[in-house]
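Undergrad: The sequence isn't on hand, but the structure is:
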């Protein structure tokens with residue numbers, strides 16, 4: 001089991017999730033191989049108790065394409081990703 005340490009919603013949040021996905025990338029590729037999976041969308045939500053005594057919600061979405069060697073399937077996942085992310089509230093799209 002991987003333990004992630006960071007301030008809720010802080011600068012280490014994205015890096016911790018990226019490292020977690022990186023740790024399991026090869027296993028995920030093995031699990032989905034031959035099953036027609038184009039990619040995996042990771043939604044992470046965390047309820048945070050702030051130093052001010054207030055509660056907040058930190059959330060992040062990251063994607064992992066599992067069809068990188070097949071151009072057609074990769075394009076299908078990219079199209080899904082684009083439309084899926086447009087439907088998320090409060091999204092901040094960043095260039096990858």
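TA: On my side now, so go ahead. All values derive from a computational prediction rather than experimental measurement.

Undergrad: for this structure, what are the low-confidence residue spans?
TA: 1-11, 89-96 (pLDDT under 70).

Undergrad: does the closest residue in space to residue 42 that isn't next to it in sequence belong to a helix or a strand, and which?
TA: Once flanking residues are discounted, residue 42 sits nearest to residue 62: 4.8 Å by CB to CB, 6 or more residues apart in numbering. In short, each C-beta sits where N, CA and C put it, glycine included. For residue 62, the enclosing helix or strand under DSSP states H and E is strand 55-65.

Undergrad: now what about that strand, what contacts it?
TA: 8-9, 13-14, 17-18, 21, 25, 28, 38-50, 74, 77-78, 81, 85, 88, 90-91 (CB atoms under 8 Å, 6 or more residues apart in numbering).

Undergrad: Strands - which of those land there?
TA: Here DSSP state E is the test, and those give 39-49 as lying in strands.

Undergrad: What is the nearest of those to residue 66?
TA: residue 39 (5.3 Å; CB to CB).

Undergrad: which residue is nearest the middle of the protein?
TA: Of all residues in the chain, the one closest to the mean position by CA atoms, centre = their mean is residue 62, 2.1 Å from it.

Undergrad: buried sites along the longest helix seen in the chain?
TA: Across the chain, the longest stretch assigned as helix under DSSP state H is helix 12-32. For helix 12-32, the neighbour count (16 or more other CB atoms under 10 Å) marks 13, 16-17, 20, 28, 32 as buried.

Undergrad: Same list (those) but as CSV, adding distance to residue 68.
TA: Listed next are these as CSV, based on distance: CB to CB, whole Å:
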residue, distance to residue 68
13, 25
16, 23
17, 20
20, 19
28, 12
32, 12
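
Undergrad: in stretch 59-70, what counts as buried?
TA: Residues of stretch 59-70 classed as buried by neighbour count (16+ other CB under 10 Å): 60, 63-67.
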